[in-house]
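J.: Mind looking at a prediction? Sequence and model below.
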Amino acid sequence: MTVGGLPMAVPAEGLPARVRIHEVGARDGLQNEKVTVPTEVKAEFIRRLADAGLTTIEATSFVHPRWVPQLADAEQLFPQVGDLPVDLPVLVPNERGLDRALALGARRVAVFASATESFAKANLNRTVDEALAMFEPVVSRAKAQGGHVRGYLSMCFGDPWEGPVPVPQVVRVCRALRDMGCDELSLGDTIGVATPGHVRALLTALDAERIPVEALGVHFHDTYGQALANTLAALQQGVTTVDASAGGLGGCPYARSATGNLATEDLVWMLRGLGIDTGVDLGRLTATSVWMAEHLGRPSPSRTVRALSHKEQ
């Protein structure tokens, strides 16, 4: 399938020349799907994403299969894609998950923390500080083996039980994750309630805490249609790493009517229009998302995928 069409590039001042897209569709996207995708299809999905020019593709999660049955095949999947010339980070919830990942040669791992007590309790059955204590040996052991560690921080802007999350509360947990050795932090708008001013306020506070913007990524959900606006606000603050999911795969089980992750194609379209390089072939990426949507038995929620694929019909 050939997909055409690109926006006119009109660069804007104060934006980065290049953005690294941290593709989460194969992990964060598929783990929220109702159907379980066959291992061979997941592997082909990751290979196609790499062929489209994505250089960071989160492959899977080494959590207990009881909690995320859609990713129970991590041991079978990772060897099928481990030879790709891209970064393939994996999520590890604890030391057991780290052991499983390291045994397969994974050297880029991620832990998943919460900025709020309610979500820490719901997701990990721990307090925020208890969860951080659990992650500390994971991070130190991964670093000792020369690994790269990403710290996901969920509920950075709003929590379904607690409401708006105070900026200092988020900064405290970010500081703890950096102090324990996380190379990178991903600021998650887990229920999609952030707005650009809130994004700027958090990034300004993290800068005052001397957490370098180079170590920050943003992870927006599009529940209220704000993901691209929030991304642009983050770029204006100097962020150059943006999480996105091919075809808009995934959702948020904690937000009613949540539309899930920012679609990678929608992000690439905006960045192309701003003259920002991503290295991603939008046509190949769109074709990949159309292919995956067929396997899932439903159309892609990405507006860009729908628009570009419709033009080819």
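T.: Nice, I can see it.

J.: Spatially, what comes nearest to the spatially most central residue of the chain if we skip its sequence neighbours?
T.: To find the centre residue of the chain, average its C-alpha atoms and take the closest one (Cα atoms, centre = their mean): that gives Asp243, at 3.9 Å. If you skip the residues right next to it in sequence, Asp243 has His219 as its closest partner in space, 3.9 Å away by Cβ to Cβ, 6 or more residues apart in numbering. To be clear about C-beta, it is placed using only N, CA and C from the backbone, and glycine gets the same treatment.

J.: same thing with Ser289?
T.: With Cβ to Cβ, 6+ apart as the measure, Gly247 is the residue that lies nearest to Ser289, at 3.2 Å, once sequence neighbours are left out.

J.: How many residues are close by that neighbour?
T.: Around Gly247 there are 31 other residues, counting by other Cβ atoms under 10 Å.

J.: The chain should start at 96 in everything you say after this.
T.: Right, with 96 as the first residue, what we last looked at is Gly342.

J.: Pull the contacting residues for the residue nearest to Asp338.
T.: Under the criterion of Cβ atoms under 8 Å, 6 or more residues apart in numbering, the contact partners of His314 comprise Val119, Tyr247, Ser281, Leu282, Gly283, Asp284, Asp338, Asn356.

J.: 6 Å instead?
T.: His314 is in contact with Ser281, Gly283, Asp338, counting by Cβ atoms under 6 Å, 6 or more residues apart in numbering.

J.: picking that back up, Three-state assignment for the residue nearest to Ser384, please.
T.: In terms of secondary structure, Gly342 is helix; the call rests on DSSP: H, G, I helix; E, B strand; the rest coil.

J.: For it, give me its contacts.
T.: Contacts for Gly342 were tallied using Cβ under 6 Å, 6+ apart; they are Ser384, Met387, Ser395, Ser397, Val400.

J.: How many neighbouring residues does the fourth one have?
T.: The number of residues packed near Ser397 is 32, by other Cβ under 10 Å.

J.: Same check on the third one?
T.: The number of residues packed near Ser395 is 23, by other Cβ under 10 Å.

J.: same thing with Ala382?
T.: When counting by other Cβ under 10 Å, one arrives at 20 neighbours for Ala382.

J.: now what about the helix or strand where it lies, what contacts it?
T.: Here Ala382, judged by DSSP states H and E, is contained in helix 377-391. Residues from elsewhere that reach helix 377-391 (Cβ under 6 Å, 6+ apart): 96, 98, 136, 140, 143, 147, 341-342, 360, 363, 394-395, 400, 403-404.

J.: same deal with stretch 396-408?
T.: Contacts made with stretch 396-408 from outside it, assessed by Cβ under 6 Å, 6+ apart, are listed as Val98, Gly100, Gly342, Gly343, Ala358, Glu360, Asp361, Trp364, Thr381, Ser384, Val385.

J.: Flag every buried residue along stretch 359-374.
T.: Along stretch 359-374, the positions that meet the burial threshold by neighbour count (16 or more other Cβ atoms under 10 Å) are Thr359, Glu360, Asp361, Leu362, Val363, Trp364, Met365, Leu366, Arg367, Leu369, Ile371, Thr373.
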